[in-house]
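Engineer: build me a structure from this.
(chains A and B)
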Amino acid sequence: GAGVSQSPRYKVAKRGQDVALRCDPISGHVSLFWYQQALGQGPEFLTYFQNEAQLDKSGLPSDRFFAERPEGSVSTLKIQRTQQEDSAVYLCASSLDGPGYEQYFGPGTRLTVT
Amino acid sequence: GENVEQHPSTLSVQEGDSAVIKCTYSDSASNYFPWYKQELGKRPQLIIDIRSNVGEKKDQRIAVTLNKTAKHFSLHITETQPEDSAVYFCAAMTTDSWGKFQFGAGTQVVVTP
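Structural biologist: Predicted coordinates for the structure are as follows:
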C-alpha cells in the first residue's frame, strides 16, 4: 500500500514568494501532523489535524504559516512571503487514530529560500 | 513545555559492538516514547516505542529502557551492522497533547566494518 506522500520534494523560492506544500496521508488515517526539520536537528512540531479539524497550531512560527485539511484527507501547508529562515525540510506524518499511535512520515519537502 | 535532550550527538562503533543512545525528558506527564531512524535523505521511520507502563521492550537487536523516576530512556542496539548507520531520534509525548512529539536533536551513528 502507498505510504505518506509529499509534493513537491524540492522547492526553491525567492524571498517574499508564497509556497504551498502538499501532503497525502495514508488512506484512512485520521490524524495528520506537520513538522519542520532544520539541518542537523530533530523535527519540530508545527500543527496537528484530526480529520478536518485543526486541533493544535501552536508550533506554527508566525502568521505567515497556514495549514488546512478541508476534507480530512489531503493537507496543504502554505507559507506566505517566505523568508530565508523558512528554509528547512517540511515533514508530514499521519497516524491511524489519535495520540499514541505510530506516526508514519512522508519523505518531506526540502524548501530553500534564496 | 516538554524538553528532550539526547546524547551523544555522534556515535562511532565497530561492527558487532553495541550502541547506546540516551534521552532525558522534562515533563513527568509524558507517557509515550518512540525512537525513529532516519537515513540520509530519507523519511524518519519508527523502529521501537515504549509506553510509560512498561520498563523495557525488545525487538530482535533493538531494545528500549525507560526510567520514569529519573525521566530518561535509552535505545540499545546490539551486534551492530553497517546498515544500522543512520541518525536516530528519540521523542516524548503525552497522549493528551494530540500527538505533539517533542524530538531530541538526534544521534548520528556510524558503524564501521
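
Engineer: residue 10: what's it in contact with?
Structural biologist: Assuming you mean chain A. Taking Cβ atoms under 8 Å, 6 or more residues apart in numbering or on different chains, we find residue A:10 in contact with A:109-110, A:112. All C-beta spots, glycine's among them, are computed from the backbone N, C-alpha and C.

Engineer: sorry, I should have been clearer: chain B.
Structural biologist: B:107-110.

Engineer: re the thing from before, could you single out the nearest of the contacts of residue A:10 to residue B:100?
Structural biologist: Residue B:100 lies nearest to residue A:109 out of these, by Cβ to Cβ, at 20.7 Å.

Engineer: okay, now that closest one: neighbour count?
Structural biologist: By other Cβ atoms under 10 Å in any protein chain shown, 21 other residues sit near residue A:109.

Engineer: and what of residue B:90?
Structural biologist: Around residue B:90 there are 29 residues (other Cβ under 10 Å).

Engineer: tell me what it is bridged to.
Structural biologist: residue B:35 (DSSP bridges).

Engineer: from the contacts of residue A:10, pick the one nearest residue B:14.
Structural biologist: residue A:110 (33.1 Å).

Engineer: give me the phi and psi for that closest one.
Structural biologist: The phi/psi pair for residue A:110 (degrees, to the nearest 10) reads phi -90, psi 110.

Engineer: so where's chain B uncertain?
Structural biologist: By pLDDT under 70, the weakly predicted segments of chain B are B:95-99.

Engineer: what parts of it come near chain A?
Structural biologist: With Cβ under 8 Å from any Cβ of the partner chain as the criterion, chain B comes near chain A at residues B:6, B:31-32, B:34, B:36, B:42-46, B:49, B:51, B:89, B:91, B:93-106.

Engineer: among those, which ones are in strands?
Structural biologist: Under the assignment DSSP state E, the residues of chain B next to chain A contribute B:6, B:32, B:34, B:36, B:45-46, B:49, B:51, B:89, B:91, B:102-103 to strands.

Engineer: redo the contacts of residue B:10 as TSV? Include neighbour count and secondary structure.
Structural biologist: Listed next are the contacts of residue B:10 as TSV, based on neighbours: other Cβ atoms under 10 Å in any protein chain shown; DSSP: H, G, I helix; E, B strand; the rest coil:
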residue	neighbour count	secondary structure
B:107	22	strand
B:108	16	strand
B:109	21	strand
B:110	14	strand
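
Engineer: which single residue in chain B comes nearest to chain A?
Structural biologist: residue B:103 (3.2 Å; Cβ to the nearest Cβ).

Engineer: for chain B, what are the nearby residues on chain A?
Structural biologist: A:4, A:31, A:33, A:40-45, A:48, A:50, A:55-56, A:58-59, A:91, A:95, A:98-108.

Engineer: give me the buried subset of the residues you listed.
Structural biologist: A:4, A:31, A:33, A:42-45, A:48, A:50, A:56, A:59, A:91, A:95, A:99-101, A:103-108 (16 or more other Cβ atoms under 10 Å in any protein chain shown).

Engineer: with adjacent residues omitted, what lies nearest to residue A:35?
Structural biologist: residue A:43 (3.7 Å; Cβ to Cβ, 6 or more residues apart in numbering or on different chains).
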